[in-house]
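**Q** Based on what follows, work out the 3D shape:
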Amino acid sequence: MNEIRDPIYGFIELTDTELKIINTPIFQRLRRIKQLAMAYLVYPTANHTRFDHSLGVFHVAKKMAKKLLPEEEDKQLIGYAALLHDVGHGPFSHVSESIFGHYIETENKNKIHEKITLKLIENDEQLNKILSLDQISQITGLLKGKSKDFKYSIMKEIVSGALDADKMDYLLRDSYFCGVKYGIFDLDRMINILDFYKENSNIHLAIASDGINTLEQFVLAKYYMTRQVYRHKVRLVTDSMIVRGIELGIEKDEIPFLKSLYIYKDDADYLNNYLKYVDEKILFEILDQKRDSFAYKIFNNLNNRNLFKIIFSENIKYLLTGKARDKLIEINKDIELKNSIEEKIASCLGCEKEFVIVNGFQFKSVKEMSGDDDEGKLIILSKDGSKREFQDESLIFKSIDDTLNEIYFEVYAPFEFGSVQEKEKKQKKIKDDIIQILKDMEV
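**A** From the prediction side, this is the model:
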């Protein structure tokens, strides 16, 4: 048995086959893709990577499988799938996803890294020497959620679901490396209270009724990490600058390597090229461009932590109504509307429109976050075998008003306010101008 020391779990044990998977180039590449993109610009020690995270997900998934699955072969399959679930991530992790979405016509625009993951697992020569064709088929079937390719439906929920190993690791790991306490929960107790129930021919993940307080702690950890880390104001700005810099590099500067990377093609040449790119390579190659290029200007600012300012940030839930408000929540998907609003704001600011970025997002209530519809519900299983939804069983969450969500619209730009006196005056005018631009949408 092989061991890797980990700051979260102590030692992670690996079989010889699991170690061989880790030593493949497609897995080693994850060492150079940071888990939280440029979050280190606000949390200096947030330099952990997809490599670390994948090992952590593997460790937690194996613990879950040991508790829930009877057969060794199924536990082994869970481990392989957990190790490989992120090998298709692009530079800057999830930040890349929205860029891919602009240049591909597909129903799952925000799942390109998952598609690439499957392609890599199916086609990587070294991986296919380590695992059998049947194992490869089962792993990809498990990651796709096609139950005919694996024995128990619960196996998919261990790797990807409302209470999966991925969330358990990233909450603990991101909390540790960001130097915060928001994501901490009792992992050992969580594993201990795992249970399952049968529904038709499927077996689903659940929590024993005496573990409800542990589950409450887990859901609150997810909520606070979202509020304090994943949507920290600096993180939102840096992510937006990365996306804008790459988009401008493709559309305005027409940088060849960016076009070949972010305009997805379903062929072997594309995959081979994709595997060459990690965070630092993107940064270095953009900084090697002409200094008057849009991409260079934005990434040079990121490299020197000269970030765009948040010149407008308002909860628009009560500021706007109806369709106008709904449009702003989805503003990042409506490119035409986004460009129109940015151009109008740039005119008010006297900035180049390419450097004005608008962003719309929603903070769900903690109750709403306790059971995502696309991942399934959190289920509490009583001693008599009856099942209830977590939101109905938890006294804490039952009492929360799930309409208490927040809808934010923000504007980022390289704008200087000047002195304190000038700042207050300019801020008021900018706010009034932007609100008027947004209200004009309601007419």
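
**Q** In the helix or strand containing residue 57, which residues are buried?
**A** For residue 57, the host element (DSSP states H and E) is helix 50-68. Residues of helix 50-68 classed as buried by neighbour count (16 or more other C-beta atoms under 10 Å): 50-65, 68. C-betas here are computed from N, CA, C, even on glycine.

**Q** same question, stretch 94-106
**A** For stretch 94-106, burial by neighbour count (16+ other C-beta under 10 Å) applies to 95-102, 104.

**Q** Let me have these in TSV, extended by pLDDT.
**A** Formatted as TSV, the buried residues of stretch 94-106 follow (pLDDT from 0 to 100):
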residue	pLDDT
95	90
96	84
97	83
98	83
99	89
100	87
101	77
102	80
104	76
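
**Q** Closest one to residue 153 out of those, please.
**A** For these, the closest approach to residue 153 (C-beta to C-beta) belongs to residue 97, at 26.6 Å.

**Q** Contacts only, for that closest one.
**A** 90, 110-113 (C-beta atoms under 8 Å, 6 or more residues apart in numbering).

**Q** are any of those buried, and which?
**A** Buried residues within the contacts of residue 97, defined by neighbour count using 16+ other C-beta under 10 Å: 90, 112-113.

**Q** So which of those residues are in helices?
**A** Assignment to helices by DSSP state H places the following of the buried ones among the contacts of residue 97 there: 112-113.

**Q** Can I get the buried ones among the contacts of residue 97 in CSV including distance to residue 333 and pLDDT?
**A** Formatted as CSV, the entries for those read as follows, by distance: C-beta to C-beta, whole Å; pLDDT from 0 to 100:
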residue, distance to residue 333, pLDDT
90, 19, 94
112, 15, 86
113, 18, 87
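
**Q** so which of the buried ones among the contacts of residue 97 comes closest to residue 440?
**A** Lowest distance from residue 440 to the buried ones among the contacts of residue 97 (C-beta to C-beta) belongs to residue 112, with 34.8 Å.

**Q** Please tell me how far the closest one sits from residue 321.
**A** Going from residue 112 to residue 321 by C-beta to C-beta, to the nearest Å gives 35 Å.

**Q** Residue 344 too?
**A** With the distance defined as C-beta to C-beta, residue 344 ends up 20 Å from residue 321.

**Q** Now do the contacts for the residue nearest the centre of the chain.
**A** Taking C-alpha atoms, centre = their mean, the centroid of the chain lies closest to residue 94, which sits 4.8 Å from it. Applying C-beta under 8 Å, 6+ apart, we find residue 94 in contact with 37, 113.

**Q** picking up where we left off before, mind exporting the C-alpha coordinates of the helix holding residue 57 to CSV?
**A** What follows is helix 50-68, C-alpha atoms only, in CSV (Å, rounded to 0.1, in the frame of the first residue of the first chain):
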residue,chain,number,x,y,z
ARG,A,50,-7.1,20.3,-8.8
PHE,A,51,-4.4,17.7,-8.1
ASP,A,52,-4.8,18.1,-4.3
HIS,A,53,-8.6,18.2,-4.6
SER,A,54,-8.8,15.1,-6.7
LEU,A,55,-6.8,13.1,-4.2
GLY,A,56,-9.1,14.4,-1.4
VAL,A,57,-12.2,13.5,-3.3
PHE,A,58,-10.8,10.0,-3.9
HIS,A,59,-10.1,9.6,-0.2
VAL,A,60,-13.5,10.7,0.9
ALA,A,61,-15.3,8.7,-1.8
LYS,A,62,-13.4,5.6,-0.7
LYS,A,63,-14.6,6.2,2.9
MET,A,64,-18.2,6.6,1.7
ALA,A,65,-18.0,3.5,-0.4
LYS,A,66,-16.6,1.4,2.4
LYS,A,67,-19.6,2.4,4.5
LEU,A,68,-22.2,1.9,1.8
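
**Q** Fine, thanks again, bye for now.
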